[in-house]
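Peer 1: next one to model:
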Amino acid sequence: MSPFPESELRQDAYLGGRVMLWQPRRGYRAGVDPVLLAATLPAAGGERVLELGCGAGAALLCLAARVPGLSLTGVERDPAYAALARRNGGPTLEVVEADLGALPADLRQRQFDHVLANPPYYRRSASRPSDDPAREAAHGEDRPLGDWVRVAAKRLAPKGQLHLIQRAERLPELLAALPSGMGSVEVLPLAARAGRAPERIILRAKKNGRGAFHLHAPLVLHRGAAHPGDAGEDYVPEVVSALREGAALPFPAVGRKPRI
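Peer 2: Model (predicted):
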């Protein structure tokens, strides 16, 4: 895809305006999922972070707004979105234009403390493709989900953490694709409202982790039983803090294994 003309771009505010992102007026624009994913990363200044499929840079730049001093690298195969990520991130963000299956040799020799990804959600064998090429690239799977998991795991340093957001029904695929040596797996389901089945999950796994698998109670995103319509926003307070103020959204603490 050729670079977007200026007339087709607009600047969107994230984290209450702390992050301003150039994105196309039509087609794919980042929603809340990359912001929520970034909010769950327990990163610290000085650590190295890689995102596979960074788009225009929403997740990495939201993370950087919360945690200063990170070394940020994004991989994006679409030249137009890679150009937007460079524009949005400036000198704070290294953008590598490459396909997931053909990372440059210098990147394959590096390790990261955190790797995150928001892989396409839909298998096109069981869903209809989008008419918009950018939306289709973001949402329609053209590479097995397991490839994302395996490439991400290879780029992790020992004790490094993988974070992925995906549709809940694809959790078995994610778990099956985790290479040996990836442990301490935690899953945080995201439910739109109380009493509803989760539609998304965030998966965390640690390289060389030895902790047991832990499925957390769902994080409920909205208050009430139904959308209030024009009455206003109804996110729960901790999600408002993450989306509007750049606050962390920690996984619940995992308790110690009881003695028997």
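Peer 1: helices of the stretch 1-150 of the chain, residue ranges please.
Peer 2: In the stretch 1-150 of the chain, the helices defined using DSSP state H, counting those that start in this stretch lie at 33-39, 58-66, 79-89, 105-108, 133-139, 145-154.
Peer 1: now render those as JSON lines, adding distance to F213.
Peer 2: All C-beta spots, glycine's among them, are computed from the backbone N, C-alpha and C. Shown next, in JSON lines, are the helices of the stretch 1-150 of the chain (distance: least, CB to CB, whole Å):
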{"stretch": "helix 33-39", "distance to F213": "20"}
{"stretch": "helix 58-66", "distance to F213": "25"}
{"stretch": "helix 79-89", "distance to F213": "34"}
{"stretch": "helix 105-108", "distance to F213": "29"}
{"stretch": "helix 133-139", "distance to F213": "28"}
{"stretch": "helix 145-154", "distance to F213": "15"}
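Peer 1: quick one: closest of these to H114.
Peer 2: Set against H114 and scored by CB to CB, the helices of the stretch 1-150 of the chain come closest in helix 58-66, at 8.7 Å.
Peer 1: which other helices and strands does the closest one contact?
Peer 2: Here helix 58-66 touches strand 9-14, strand 19-24, helix 33-39, strand 48-52, strand 71-76, helix 79-89, strand 93-97, going by 3 or more CB pairs under 8 Å, 6 or more residues apart in numbering; DSSP states H and E.
Peer 1: got TSV for those, with distance to L60 and mean neighbour count too?
Peer 2: Shown next, in TSV, are the helices and strands packed on helix 58-66 (distance: least, CB to CB, whole Å; neighbours: other CB atoms under 10 Å):
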stretch	distance to L60	mean neighbour count
strand 9-14	12	14
strand 19-24	10	19
helix 33-39	7	24
strand 48-52	5	25
strand 71-76	5	23
helix 79-89	7	21
strand 93-97	6	19
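Peer 1: how far does stretch 38-52 stretch from one end to the other?
Peer 2: 13 Å (CA to CA, to the nearest Å).
Peer 1: what average pLDDT does it get?
Peer 2: In this model, stretch 38-52 has a mean pLDDT of 98.
Peer 1: need the three-state assignment for A197.
Peer 2: For A197, the assignment made with DSSP: H, G, I helix; E, B strand; the rest coil gives coil.
Peer 1: so how far is A43 from it?
Peer 2: 30 Å (CB to CB, to the nearest Å).
Peer 1: more neighbours: these two, which one.
Peer 2: Each of A197 and A43 has its neighbours counted (other CB atoms under 10 Å); A43 has more, 23 against 10.
Peer 1: OK, contacts around the nearest residue in space to that one that is not next to it in sequence?
Peer 2: Once flanking residues are discounted, A43 sits nearest to V67: 4.8 Å by CB to CB, 6 or more residues apart in numbering. Counting by CB atoms under 8 Å, 6 or more residues apart in numbering, V67 makes contact with 41, 43-45.
Peer 1: between these, which has the most around it?
Peer 2: Busiest of the contacts of V67 [other CB under 10 Å] is L41, holding 26 neighbours.
Peer 1: contacts only, for that one.
Peer 2: 49, 63, 67, 114, 116, 161, 163.
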